[in-house]
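>>> the following block contains a protein sequence and its predicted model.
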Amino acid sequence: QYEVARLSGAPFEMGTDDLLILCILFGWLGFLAIHKEAIFPHSPLNWPIGIFFAIALLSLAPLVATKSSHTFSVVALHLLKWFEYVIIYFVTVRVVRDWKKVEAFLYLSLISCAVVTIVQIYMMLTKQYKVVVYTPEGLLFSSIPGFESNGILGAYYVFFVGFVLALIANSTSYLRQGLLLGYASLLSFCLFFTFSRAAYIGLVATMIVIAVRSSKVRFRVPLIVFMVAIIALVFFLKPVMTRILMTVQPSATGAPTLEMSAMERLINWRNAFSIFVENPFSLVAGIGFWGSRFHGTFGFSTPHNYYLALLVETGILGLGVFCWLLKRIIHNTLKLRLQAQGNLFSESLSIGYLAGLVGLLTHAFFGETFESFRILGPFWFLTGLVMAAITIQRQEEMQRQVGDVGEPKEPVVEPALAGTHTKQFHKRFFQ
């Protein structure tokens, strides 16, 4: 990371990830020029993304009137960097056009997450600490380069746990189930050592979605094993248990009360709501995209609630469009699940993404989840994979309908029972 601006001691950085995305962008523009295609591919999320960006741009007007030009420049750069990561979504939707690429990119994402866990474990063993977490019994330490806080690292793990559990649910190989179960346990171990209580809650939400949405009875056994492993981790790792139990403490009178960190969050939420009520631009623009960091009420920080931050910074319109975007994403993810038609990978992708997304949305109640570029990167990439999978599925359905009209009907055979003749029929008419 390289510092390109500084305001009140707070740096605005750009790094090698930005250079990589710019290279991808130029390659994408070259691809479009060669194939004579539109810049933005058609997808269900185009309108929500475009309108949200327009509202965020409009919300910068109050910052121009009330803050310095330096502040406006830093916030505008932040908004530009946000859109830079959205480009990942459009590139993915455009270039991923078959199931092999979808599957390959999903597993490469899981490998990338595994590398992060290895780095974290290495830094724990070598005691290269960076993040300090306070407990009544002393200090807990957590560290990983490139992540802003222990909460963001925990949210990153929560997102990928959903995919791993969904792949376990639909795997037909006991060996693969065992390997994935070990990987899920590794993720949960590293997640607990982030000491992020918001991530713990997000993990619970993720597992609930997996248990509810999975239709495979055989998944109950590995799910139970995974939950038992998590419970064992909690009770055998004393620092994790200390971090969880410190949230509610007895006061001088004996009544239960929240510890200081949790109490400060409640104060920030109340202050954020007060700013929203008192701001004359609350309906249209708010105080400006990313403007809560420069408001002074929270220091150079946020309300530690992404939804309240959106409400304060972009107004009711901004929060409403963000909810519209989420509605579109969830609706299309469920559509992919319902139209899987025996495609176990498609079902795993949809359920895993939905579970991970619910985990992130739960985490966002307690942190600035979707402001972090370490979350936006995998989020927009995997969202693009889901939308690309929907397009692939739709094209297969159209080919199937053309085949049904042009050829005599064949007896329907379930994929799990399909033999050689069915495979030949599938290859001839569907592929």
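Thanks, I have the structure now.
>>> now residue 165: closest residue in space that isn't a chain neighbour?
Nearest non-adjacent residue to residue 165, counting by CB to CB, 6 or more residues apart in numbering: residue 210, 4.6 Å away. No exception for glycine: its C-beta is placed from N, CA and C like everyone else's.
>>> for residue 63, same thing?
According to CB to CB, 6+ apart, the nearest residue to residue 63 is residue 288 (3.9 Å).
>>> please state the offset of stretch 170-189 from the chain centre?
Centre-to-centre, stretch 170-189 and its host chain are 21 Å apart (CA atoms, centre = their mean, to the nearest Å).
>>> buried residues in that stretch?
Across stretch 170-189, burial judged by 16 or more other CB atoms under 10 Å covers 170-171, 177, 180-181, 183-189.
>>> the most centrally placed residue in the chain sits in which helix or strand?
Centroid-nearest residue in the chain: residue 379, 4.1 Å away (criterion: CA atoms, centre = their mean). Using DSSP states H and E, residue 379 sits in helix 373-406.
>>> that helix packs against which elements?
Here helix 373-406 touches helix 69-95, helix 99-125, helix 150-170, helix 306-338, helix 344-363, helix 420-429, going by 3 or more CB pairs under 8 Å, 6 or more residues apart in numbering; DSSP states H and E.
>>> the inter-axis angle of the second one versus helix 150-170?
Think helix 99-125. Interaxial angle, helix 99-125 versus helix 150-170 (axes from the mean of the first three to the mean of the last three CA atoms, to 10 degrees): 130 degrees.
>>> got the angle for helix 99-125 vs helix 373-406?
Interaxial angle, helix 99-125 versus helix 373-406 (the same axes, to 10 degrees): 160 degrees.
>>> again with the fourth one
Direction vectors for helix 306-338 and helix 373-406, defined by the same axes, to 10 degrees, enclose an angle of 30 degrees.
>>> tell me the gap between helix 306-338 and the middle of its chain.
With CA atoms, centre = their mean, you get 13 Å for helix 306-338.
>>> mind giving me the packing neighbours of it?
helix 46-58, helix 260-278, helix 344-363, helix 373-406.
>>> buried residues, the last one. List them.
By neighbour count on 16+ other CB under 10 Å, the buried set for helix 373-406 is 373-393, 396.
>>> ok, so of the buried residues of stretch 170-189, who is nearest residue 164?
Top of the list for closeness to residue 164, among those and by CB to CB, is residue 184 at 4.6 Å.
>>> so what's that closest one closest to, chain neighbours aside?
residue 164 (4.6 Å).
>>> thought that neighbour was touching residue 186?
No. Using CB atoms under 8 Å, residue 164 makes no contact with residue 186, being 9.5 Å away.
>>> ok so, going back, and of the helices and strands packed on helix 306-338, who's closest to residue 39?
That would be helix 46-58 among the helices and strands packed on helix 306-338, by CB to CB, at 11.1 Å.
>>> helices or strands next to the closest one in the packing?
helix 69-95, helix 306-338.
>>> angle of it against helix 373-406?
Relative orientation of helix 46-58 versus helix 373-406 (the same axes, to 10 degrees): 150 degrees.
>>> just the CA atoms of the helix or strand following helix 46-58, as CSV, please.
Per DSSP H and E, the first helix or strand lying C-terminal to helix 46-58 is helix 61-66. What follows is helix 61-66, C-alpha atoms only, in CSV (Å, rounded to 0.1, in the frame of the first residue of the first chain):
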residue,chain,number,x,y,z
ALA,A,61,-22.5,18.1,-2.6
PRO,A,62,-22.8,18.8,1.2
LEU,A,63,-19.1,18.1,1.6
VAL,A,64,-18.3,20.6,-1.0
ALA,A,65,-20.3,23.2,0.9
THR,A,66,-19.1,22.4,4.4
